[in-house]
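>>> Please find the sequence and the predicted model below.
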Amino acid sequence: MKMMEAREQLVYYGKELIGQRLTTGTGGNLSVFDRETGLMAITPSGIDFFATRPEDIVIMTLDGQVVEGTRKPSSEVDLHRIFYQHRPDIGGLVHSHSIYCTTIACMGWEIPPVHYVIGVAGKSVRCTPYCTFGSWELAQAALEGMQDRYAVLLGNHGVIAGAGTLKDAFDNLRSVEFVAELYYRTRSLGEPKLISSQQMDQVLEKFQTYGQPAESMPQEKE
């Protein structure tokens, strides 16, 4: 099967969406794009994440042609492929209906910099107007809303996050959900004190050197 590693990652992180309470039921979808082959691996439509197997993953071209797989791809296939067409910095995407992001999206609000962790996505996370799920209109609105960002709320719908890898996209979505919950909770207490744009510039700069350099990480033994 093509893109076996990507298939396994999609199965794993689909289960993690449920396990970490970032969605419910079959709500949400994930994808990986291989720029060398021009192929996208995406989760199937309407199959429980814990029932999804690597062979259920659908392999497609960015013009919508199925290359390998017998399952129907996610209804949000356009939402995924538009990013791979226009964002060379994105190689993995995760869309979910996480409770706090979706709550804020149902208010039509953006998530402001109430906590510095929002910096994984940018200075804030914008919210698109409502668009019908599975539509090209939604895909276009999401692409515009995520301009110079790595996450966007989908009005009255949910959230999508991207990154260079699927793992980082999943981590970005999880972090954005954390900040969405903080924003929800602080709004219930009053008007939250936000981090300034200048302070967020400093956060984004420090994020560039956060973590361990690759050469210092322990290597797996053969």
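Happy to help now that I have it.
>>> switch to C-alpha atoms for all contacts and neighbour counts from now on
Will do.
>>> For stretch 198-217, buried residues please.
200, 203-204 (16 or more other C-alpha atoms under 10 Å).
>>> Just the CA atoms of it, as CSV, please.
Included here for stretch 198-217 are C-alpha records, laid out as CSV according to Å, rounded to 0.1, in the frame of the first residue of the first chain:
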residue,chain,number,x,y,z
GLN,A,198,4.7,43.4,21.0
GLN,A,199,4.8,40.8,23.8
MET,A,200,3.5,38.2,21.3
ASP,A,201,6.3,39.2,18.9
GLN,A,202,8.7,38.2,21.7
VAL,A,203,6.8,34.9,22.3
LEU,A,204,7.0,34.0,18.6
GLU,A,205,10.7,34.8,18.5
LYS,A,206,11.4,32.6,21.5
PHE,A,207,9.3,29.8,20.0
GLN,A,208,11.8,29.6,17.1
THR,A,209,14.4,28.2,19.5
TYR,A,210,12.1,26.3,21.9
GLY,A,211,12.9,22.6,22.6
GLN,A,212,16.0,20.5,22.0
PRO,A,213,18.1,20.8,18.8
ALA,A,214,17.7,17.7,16.7
GLU,A,215,21.4,16.7,17.0
SER,A,216,21.1,16.6,20.9
MET,A,217,18.2,14.2,20.9
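>>> And the contacts of it?
Around stretch 198-217, the neighbours that count as contacts under C-alpha atoms under 8 Å, 6 or more residues apart in numbering are 113, 116, 119-120, 122-123.
>>> State the pair within those that is farthest apart.
Taking every pair in the contacts of stretch 198-217 and measuring C-alpha to C-alpha, the maximum separation is 11.0 Å, between Pro113 and Val120.
>>> Find the nearest non-adjacent residue to Gly131, please.
Actually, residue 131 is Cys rather than Gly. With C-alpha to C-alpha, 6 or more residues apart in numbering as the criterion, Cys131 has its nearest non-adjacent residue at 5.1 Å, and that residue is Leu138.
>>> How about Thr24?
Leaving out its chain neighbours, the residue that sits closest to Thr24 by C-alpha to C-alpha, 6+ apart is Ile18, at 6.1 Å.
>>> For the one you found, list the residues it contacts.
With contacts defined as C-alpha under 8 Å, 6+ apart, the neighbours of Ile18 are 24-25, 49.
>>> from the buried residues of stretch 198-217, which single one is nearest Gly64?
Gly64 lies nearest to Leu204 out of the buried residues of stretch 198-217, by C-alpha to C-alpha, at 35.3 Å.
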